[in-house]
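# Here is a sequence with its predicted model. Questions after.
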Amino acid sequence: MLSIKVAPSIMKGSHRLFFICYRREDRAETGRLYDSLVRKFGEKRVFRDIHGLHVGEKWPEETKRRIAACDAVIVVIGPNWLGTEKYGRRRLDDPNDPVRREIEEALASGVRLVPVLVEGAAMPEPQLLPPTLQDLVRFHAQELTDTHYSQDVARLIRDLQGIRVKPVWVCGAVLTLVVVLTFSALWLFRKPYISEARGLFHRGAYEEAIKTLNLGSAGDQENKEAQDLRSQTVEVLKSLRDYELGIKWGEYTRARDALVRAEALNQSDPNTASRRARLDAIFSPAFQDEFLGGLDFWNAPKAWRADRGRLIVQGPGLGVLKGKYYEDFTATFNISFLSPRGAVWILRATGNLSHYYIFQLTGAAGKPPNSFSCLKCINGKKETVSGPVLVGADLSKKDDQYNITVKAEGDKIEHQIELVSEPLEGPRSLGQMIDATFPGGTIGFGTMDDEEFSVRAFKVVPLRKSPSSD
């Protein structure tokens, strides 16, 4: 004989559920906040790890379930929230960091985040966060101060009360039924919601699959099949969120790898082909410019001009290809010094030129002459990465032309130079730069020391694998 409780209806409940995500350094402020929320909402409605788990419940499986079921995750951010561990690595850069995992679970489950700043902390800039956490900055942050704590926490509670409540089981008249059930009959009773969720999963309706699991298992401990399906669904949602962030931030490899992970988890997803097509459509194909027309493809300084198959680079400033993004690629172009100072080109640049690598090839009047240098620029500040190194060729011949070949792959960027006046000598290496600061961006030219030069036969070809072949 088995006694079970039956909830006759599902309706929108009036009780909210909250999960507090915090670091140990902030436990004092978190404890104060926890007590305030418990006084308002009740102890069973507010979860944090040291209070909410019962003996025998698994971490983090139970935590995942609680996050998915709650109405909001409150992220407590203190002054050292971005801090490092004892070995010098930032804790958020560790995929197993509990704070990172909890926020990722919330984002993947579509749960609202409520950042709460304590002890004078500021909201982190998105570029300081791992890619999977950068959506955190989209959520409005609240501040709790010692001097105005009562007013601050009251305002926070008002905002939490305004959050839309998820559907919950409500027992208007809970009935206790005594039913004779065999274990096989009990399995048949539970299995339909799992089958429904699995069907949604295979059709690519991942959020609906999570909702079905939440409703079907409400009030019960999930069996292993449901737990495995939930974990698999959450991992797909994480991968697809990373894919979208890769698209948003113009990071091809990140978007591609995320799509590969999602496809491996669910090969029957009908949306995979359209996601691949979107990836290929957004990221730049091969491009070449013979400069026979204008400069429509370039964000160019006013002094630049196209002149009978040549791009004339002169005057202050940098110019880049419009709307292009390359990570791994080969590029070839021909340059000729119009002044003996040399030539400059930039790689992996952001569209607003806040970040880029800059390469300088100097001529006879360069500083130093006949040399090659690599620098990186971050928000206007230049830093030498390598060089200057002397070039094993004479770059002082008037009207000589130089064929430049660039190969960028991962954190390595290699350069070769070939003098048109010395074709038998073949290409010479200008060296290899190793730096992982900028994974991708657009390509362009410019000046640093009043250089003036021409560019011919510009071509760039991306080096990348199809998502289906990785």
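Okay, I see it.
# CA only for contacts and neighbour counts going forward, please
Fine.
# Now do the buried residues in stretch 393-406.
Within stretch 393-406, the residues that qualify as buried by neighbour count (16 or more other CA atoms under 10 Å) are 395, 396, 400, 401, 402, 403, 404, 405, 406.
# how near is the nearest residue to residue 133 once chain neighbours are set aside to residue 126?
Excluding its sequence neighbours, the residue lying closest to residue 133 (CA to CA, 6 or more residues apart in numbering) is residue 104, at 6.5 Å. From residue 104 across to residue 126, the span is 15 Å (CA to CA, to the nearest Å).
# Check what pLDDT residue 158 gets.
pLDDT for residue 158: 90.
# quick one, phi/psi of it?
Backbone dihedrals for residue 158, given as degrees, to the nearest 10, come out at phi -60, psi -40.
# what's around it, how many residues?
Residue 158 sits with 10 neighbouring residues when counted by other CA atoms under 10 Å.
# Same question for the one 3 residues further on.
The tally of other residues near residue 161 (other CA under 10 Å) stands at 15.
# For it, give me its contacts.
If a contact means CA atoms under 8 Å, 6 or more residues apart in numbering, then residue 161 has residue 16 as its contacts.
# could you measure it against residue 37, distance?
In this structure, residue 161 and residue 37 are 11 Å apart, going by CA to CA.
# what's the answer for residue 405, then?
62 Å.
# before we move on, what about residue 272?
If you measure residue 272 against residue 37 using CA to CA, the figure is 43 Å.
# before we move on, what about residue 327?
Taking CA to CA as the measure, residue 327 and residue 37 are separated by 47 Å.
# Looking at those two, which is more packed in?
Taking residue 327 and residue 37 together and counting by other CA under 10 Å, residue 327 has the greater number of neighbours (25 against 20).
# Quick check: closest non-adjacent residue to the more buried one.
Nearest non-adjacent residue to residue 327, counting by CA to CA, 6+ apart: residue 440, 4.0 Å away.
# what do you get for residue 388?
On the basis of CA to CA, 6+ apart, the spatially nearest residue to residue 388 that is not a chain neighbour turns out to be residue 373, at 4.4 Å.
# Who does that neighbour form a beta bridge with?
Residue 373 has these beta-bridge partners by DSSP bridges: residue 360.
# Please verify my assumption that it contacts residue 389.
Yes: Residue 373 sits in contact with residue 389 when judged by CA atoms under 8 Å, with a separation of 6.6 Å.
# quick one: which of those two has more around it?
Legend: neighbour count by other CA under 10 Å for residue 373 and residue 389, higher for residue 373 (21 against 16).
# check contacts around the more buried one.
With contact taken as CA under 8 Å, 6+ apart, residue 373 is in contact with 359, 360, 361, 384, 385, 386, 387, 388, 389.
# Show the contacting residues for the closest residue to the first one other than its chain neighbours.
This points to residue 359. With sequence-adjacent residues excluded and distances taken as CA to CA, 6+ apart, residue 359 is closest to residue 374, at 4.6 Å. Contacts were defined as CA under 8 Å, 6+ apart; by that measure residue 374 touches 357, 358, 359, 360, 384, 385, 386, 387, 388, 433.
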